[in-house]
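*Asks:* Here's my sequence, what's the structure:
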Amino acid sequence: MDHEATESVAMEIGLLIGSLDQLENVAAWGYDYAEISPGLLGIDEAGGTIEQKALEQIQGSPVPVTAMCGFLARSKVVGPEIDNAHVRDYVIRLFDAMQQAGVPVIGYGSGGSRFVPDEFSRDRALGQVNDFLQMCADLGEPRGVQVALEPYNYDDANLINTVPEGIEMVQKVSRPGIQLMADFFHMRLNGESFDTLAAAGPYLIHAHIAEPGRGRPQTTPAEHAAYLRALCEAGYYGRVTQTGDLPAYDSPTEAAAALKRFAREGGERK
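*Replies:* As a prediction, the model looks like this:
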């Protein structure tokens with residue numbers, strides 16, 4: 001993927017929604033696209049295939065649906081007892097649905113799925129994540145689906161927590177269908193510097209931003225601008241989804257406008 005900035009390339013700002021009925025709001029508020037979870041397509045880890053109504057809503061939407069998150073809610077890919085056959089069946093159904101709906105990217109955060117149990121080998125756990133991502137590449141690449149590995153905060157996962165650790169895993173997997181995402185939320189919870197994004201540019205295919213909360217001081221527009229500028233400086237001009245509230249702004253419309261402005265200014269400064 002070519003991340004070089006040109007006059008015709010601009011970062012897109014999207015919004016995570018909990019219902020396909022919100023698609024018109026996403027457009028009205030000024031976002032470029034919507035991000036959804038598998039459940040909105042009628043898919044979950046227990047069963048299901050894409051629902052015709054969901055497909056029709058996506059196809060008739062005033063904004064495209066171009067990303068997904070919430071990959072694994074219950075299944076484990078790390079530990080002494082994992083059900084690879086069950087996970088594989090789910091991934092096939094999910095990627096088939098994504099292909100039908102024209103959604104090209106899903107983030108793999110799902111910290112609980114890769115939480116390493118006590119006294120379990122971390123090297124073995126990393127190998128299991130590698131195996132899972134290799135399977136995703138095998139299934140996703142023929143369907144035009146990519147997985148964006150998301151480093152997760154230390155409170156909610158104990159494996160692949162930082163951007164450098166994410167880069168290392170993506171390099172180890174070494175498949176076009178497995179790339180990287182960055183998330184302001186997790187980086188801020190971890191106290192991770194945006195400087196770590198400099199090395200991530202060649203691997204980034206998605207990004208998130210939301211208020212970390214959890215008793216921490218409220219983040220500011222200056223911090224949001226610094227994050228988007230760091231992405232631009234790394235050579236990333238793809239999608240950035242707002243996945244939760246940003247209380248620094250009075251409305252979704254104001255948030256969308258501010259994030260777009262920061263992204264544009266970040267690209268201009270580069």
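
*Asks:* Could you use CA atoms for every contact and neighbour count after this?
*Replies:* Fine.

*Asks:* Flag the helix or strand of this protein with the lowest per-element mean pLDDT.
*Replies:* When each helix and strand of the chain is scored by mean pLDDT, DSSP states H and E, helix 252-269 comes last, with a mean of 92.

*Asks:* buried residues in that helix?
*Replies:* 252-253, 255-260, 262-264, 266-267 (16 or more other Cα atoms under 10 Å).

*Asks:* Could you identify the most distant pair in those?
*Replies:* Across the buried residues of helix 252-269, the longest distance by Cα to Cα is 22.5 Å; it joins P252 and G267.

*Asks:* shaky segments in the chain?
*Replies:* 1-9, 269-270 (pLDDT under 70).

*Asks:* And the strands in it?
*Replies:* 12-16, 33-36, 65-68, 105-108, 146-149, 178-183, 204-209, 239-242 (DSSP state E).

*Asks:* circling back to that earlier point, turn the buried residues of helix 252-269 into TSV, including distance to T49.
*Replies:* Shown next, in TSV, are the buried residues of helix 252-269 (distance: Cα to Cα, whole Å):
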residue	distance to T49
P252	32
T253	34
A255	34
A256	32
A257	36
A258	37
L259	35
K260	35
F262	39
A263	36
R264	39
G266	41
G267	40
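
*Asks:* Please name the nearest non-neighbouring residue to D44.
*Replies:* Excluding its sequence neighbours, the residue lying closest to D44 (Cα to Cα, 6 or more residues apart in numbering) is P38, at 6.4 Å.

*Asks:* Roughly how far does the one you found sit from Y236?
*Replies:* 26 Å (Cα to Cα, to the nearest Å).

*Asks:* Between these two, which has more neighbouring residues?
*Replies:* Shown here are P38 and Y236; by other Cα atoms under 10 Å, Y236 has more neighbours (30 against 21).

*Asks:* Stretch 241-261: how far from the chain's middle?
*Replies:* With Cα atoms, centre = their mean, to the nearest Å as the basis, stretch 241-261 stands 17 Å off its chain's centre.

*Asks:* what's the span of it, first residue to last?
*Replies:* From its first residue to its last, stretch 241-261 covers 15 Å (Cα to Cα).

*Asks:* Can you tell me what sits against it?
*Replies:* 11-17, 28-31, 34-35, 207-211, 218-221, 224-225, 228 (Cα atoms under 8 Å, 6 or more residues apart in numbering).

*Asks:* distance between stretch 211-223 and the chain's centre?
*Replies:* Mean-position distance between stretch 211-223 and its chain equals 20 Å (Cα atoms, centre = their mean).

*Asks:* Give me the contact list for it.
*Replies:* Outside stretch 211-223, the residues that touch it by Cα under 8 Å, 6+ apart are 185-186, 188-189, 244-248, 258.

*Asks:* Kindly recompute the last result at 7 Å.
*Replies:* 185, 188-189, 244-246, 248 (Cα atoms under 7 Å, 6 or more residues apart in numbering).

*Asks:* Need the residues you listed in JSON lines (columns: neighbour count).
*Replies:* JSON lines is the format used below for these (neighbours: other Cα atoms under 10 Å):
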{"residue": "F185", "neighbour count": "20"}
{"residue": "R188", "neighbour count": "19"}
{"residue": "L189", "neighbour count": "17"}
{"residue": "G244", "neighbour count": "15"}
{"residue": "D245", "neighbour count": "15"}
{"residue": "L246", "neighbour count": "21"}
{"residue": "A248", "neighbour count": "14"}
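
*Asks:* ok, of the residues you listed, which one's closest to A97?
*Replies:* Distance ranking of the contacts of stretch 211-223 against A97, using Cα to Cα, places G244 first at 24.8 Å.

*Asks:* quick one: A54 and L41 touch, right?
*Replies:* Yes - using Cα atoms under 7 Å, A54 is in contact with L41, at 5.7 Å.
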